[in-house]
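Q: For reference, the sequence and a predicted model appear below.
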Amino acid sequence: MKKHIKHAKITRLDTGFFHRNEYAILGTPCGNIKKLAYQITASIKDDLRVGYVDADHKGADENTIEPGVLGHGGSAEYIDKIHFHRFDVNLPLNEFDYKQQFMAQDLVLVNGNHFSSKNQIIVIDSKKPLEKKLEKLTNVVMVLFQEGETKIPKFLDDAIEDIHQLSAFKINDVEAIASFIRESMNSNTPLLNGLVLAGGKSERMNRDKGKINYHGTEQRLFMHNLLSGLTNNCFLSIRNDQKNELPPNLPTVEDVYYGLGPYGAILSAFQKNPNMAWLVTACDQPLLNEETLQLLISKRNTSKLATAFFNSETNFPEPLVTIWEPRAYPRLLYFLSLGYSCPRKVLINSEVEIVKLEDESALQNANTPEESEKLALAINN
């Protein structure tokens, strides 16, 4: 009998307990961990956004009323501290909540004495031996030696295969440690896929916009070929009834978010692969060229939700010539849960890298026969 499957098989985000890029530091007293985390943060703050996870040893004094609404029975409080924002909550949290809170970060450093993490940086320190925490050592990436320590204990040698081949530094060699993290982050940058939006019904054009020939072939195939040379892999976003119109080996993303237009197409691409960034273009911009797209790619900011061109005609970011980073996926779903299905609204209300063009003609759409004829003349001239 065929095994019953209760849940749909969809690709999950490659992440850890707090973030896709997380490093737990453990094997030394908590004060040393906090000091090192602060030093690393100060060294890489200009390149990366860093979050930090720790525990407070002091705990709560039952005889003292804590300041703020939490001390008076409330469960959440927000304070605008002018230079930063602070949320205090007295609610149960789990790893799904943590990931949501740290979504805007590039990297999360973790006090591994208290919390688990996908990757570990271990410290050789006789004051805090790791014998009782071996179960936490699932993917050790770096070994640090506390002052006065020179040898890896035998129990670690037995527990961690190839430990002597790992990068090793003195704990006070902060620049070397930070450089290792930078290089690891660079090697873990999400690859860029292309997505050509070709699933619209073209009601104003009175025929399929993707099939119009501006450059010697169907515009949707022209755009697919263009993006294929600039991205890791390119897909055509289509309705499921368009599949038979296309070459059999052409990679496609069929819309699984019905009735949401481009918004649903972007979400469908992220559902297919949430670990990739997606360079999204429409199929009705016949003046869009390789030079313009290369400019956008060169300005890509992986620390932001997206990288988008500014459209002076609308005075807003252009959502359909945009690089959407993996962190945009939960943001898009969140806006959808609030009843919004406009990708431009997401860009306007999120932190986005904006790129300005000297000549914005490449952003022009052909939505009507008149606009199509006008742009075809511009191409031929």
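A: Cool, the structure landed.
Q: which SS class is the nearest residue to Glu353 once chain neighbours are set aside?
A: Excluding its sequence neighbours, the residue lying closest to Glu353 (C-beta to C-beta, 6 or more residues apart in numbering) is Asn301, at 3.7 Å. Heads up, the C-betas are built off the backbone N, CA and C, glycines and all. The assignment at Asn301 comes out as coil when based on DSSP: H, G, I helix; E, B strand; the rest coil.
Q: Report how many residues lie close to Thr41.
A: Using other C-beta atoms under 10 Å, Thr41 has 17 neighbouring residues.
Q: ok, it to Arg49 distance?
A: 10 Å (C-beta to C-beta, to the nearest Å).
Q: Then Ser126?
A: Taking C-beta to C-beta, one finds Ser126 at 35 Å from Arg49.
Q: who's more crowded, the two?
A: Arg49 (15 against 10).
Q: Contacts only, for the more buried one.
A: Ala104, Gln105, Asp106, Leu107, Ser303 (C-beta atoms under 8 Å, 6 or more residues apart in numbering).
Q: dump the residue contacts of the closest residue to the second one other than its chain neighbours.
A: Of all residues beyond its chain neighbours, the one nearest Gln105 is Gly51 (4.0 Å), with distances taken as C-beta to C-beta, 6+ apart. Taking C-beta under 8 Å, 6+ apart, we find Gly51 in contact with Phe18, His19, Phe102, Gln105, Leu107, Val108, Leu109.
Q: swap the cut-off to 6 Å and go again
A: Phe102, Gln105, Val108 (C-beta atoms under 6 Å, 6 or more residues apart in numbering).
Q: out of those, which one sits closest to Gln294?
A: Closest approach to Gln294 among these (C-beta to C-beta): Gln105, at 28.5 Å.
Q: Helix or strand: which one has the closest one?
A: Per DSSP states H and E, Gln105 falls between elements, in no helix or strand.
Q: how about it, phi and psi?
A: With angles defined as degrees, to the nearest 10, Gln105 sits at phi -90, psi 160.
Q: any idea how far it is from Glu22?
A: 9 Å.
Q: More neighbours: these two, which one.
A: Glu22 (25 against 20).
Q: What residues are bridge-paired with the more buried one?
A: In this structure, Glu22 bridges to Val108 when assessed by DSSP bridges.
Q: sorry, back to before: could you give me the average pLDDT of the host helix or strand of the residue nearest to Gln105?
A: Using DSSP H and E, Gly51 maps to strand 50-53. Across strand 50-53, pLDDT averages out at 97.
Q: Now do the helix or strand that comes right after it: which elements does it pack against?
A: Once the chain leaves strand 50-53, the next helix or strand it forms, by DSSP H and E, is strand 76-80. Packed against strand 76-80 by the contact rule (3 or more C-beta pairs under 6 Å, 6 or more residues apart in numbering; DSSP states H and E) you find strand 85-89.
Q: List the strands paired with the strand it packs on, with their directions.
A: Checking strand 85-89 against DSSP bridges gives partners strand 76-80 (antiparallel).
Q: how about the helices of the stretch 201-350 of the chain, start to end?
A: Per DSSP state H, counting those that start in this stretch, the stretch 201-350 of the chain carries helices over the ranges 219-228, 261-272, 290-298, 328-337, 343-348.
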